[in-house]
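Peer 1: My questions are about this predicted structure, shown below with the sequence.
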Amino acid sequence: QVQLVESGGGSVQPGGSLRLSCAASGSIFSIHSMDWYRQTTGKQRVLVAGSTSAGGTTYADSVKGRFTISRDNAKNTVYLQMNSLKPEDTAVYYCRAGAVVVRTSTTFNSYNEVWGQGTPVTVSS
């Protein structure tokens, strides 16, 4: 069993900063990708930033230059540093882990993807 626990969301004024964290727990052997998505009411969940275990990163055009994704593979944790926040960044932010391999006492189990519960971010004056 794998769980993702997000933290760091909250309310901030435009131009402010927040740092989100997402920690994966369980008998994790490996995680290929750890990403951040966001969703607003009535809209689809969209990719904000992604990272691979090899160090690759990708960003949505709307956050390039403002957001930075980083990852601690030893801790199975991914971070999202969000600077120069705008009202349009307001959303629920979700962490996603892709291609997760878990070690059991006798074998390995794999999961295509695991999602966190989401953490809300509100940017408003």
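Peer 2: Received the coordinates, thanks. Numbers count the residues shown, from 1 in each chain.

Peer 1: The residue lying farthest from the centre of the chain and N76: what is the separation?
Peer 2: Distance to the chain centre peaks in the chain at T106, reaching 30.2 Å (criterion: C-alpha atoms, centre = their mean). To N76, T106 is 22 Å away according to C-beta to C-beta, to the nearest Å. For the C-beta atoms, the positions are set from N, CA and C on the backbone; glycine is no exception.

Peer 1: and what of W36?
Peer 2: From W36 across to N76, the span is 15 Å (C-beta to C-beta).

Peer 1: Between those two, tell me which one has more neighbours.
Peer 2: Using other C-beta atoms under 10 Å as the criterion, W36 and N76 rank with W36 on top: 26 against 20.

Peer 1: what number of residues lie near the closest residue to Q3 other than its chain neighbours?
Peer 2: Counting by C-beta to C-beta, 6 or more residues apart in numbering, S25 is the residue found nearest to Q3 once chain neighbours are left out, at 5.0 Å. Neighbourhood size, S25 [other C-beta under 10 Å]: 12.

Peer 1: same question, Q81
Peer 2: Around Q81 there are 15 residues (other C-beta under 10 Å).

Peer 1: Also V100?
Peer 2: Other residues close to V100 by other C-beta under 10 Å number 23.

Peer 1: Please apply the same query to V63.
Peer 2: Around V63 there are 22 residues (other C-beta under 10 Å).

Peer 1: Distance of it relative to L80?
Peer 2: 9 Å.

Peer 1: Now the common contact residues for those two.
Peer 2: When contacts are counted by C-beta atoms under 8 Å, 6 or more residues apart in numbering, V63 and L80 are jointly contacted by 48-49.

Peer 1: Which residue ranges of this structure form strands?
Peer 2: With strands called from DSSP state E, the chain shows them at 3-7, 10-12, 18-25, 28-39, 46-52, 57-59, 67-72, 77-82, 91-103, 108-115, 119-123.

Peer 1: beta partners for V100?
Peer 2: Following DSSP bridges, V100 is listed with bridge partners I31, Y111.

Peer 1: you'd agree it is up against L4?
Peer 2: No: with contact defined as C-beta atoms under 8 Å, V100 does not reach L4; the gap is 9.5 Å.
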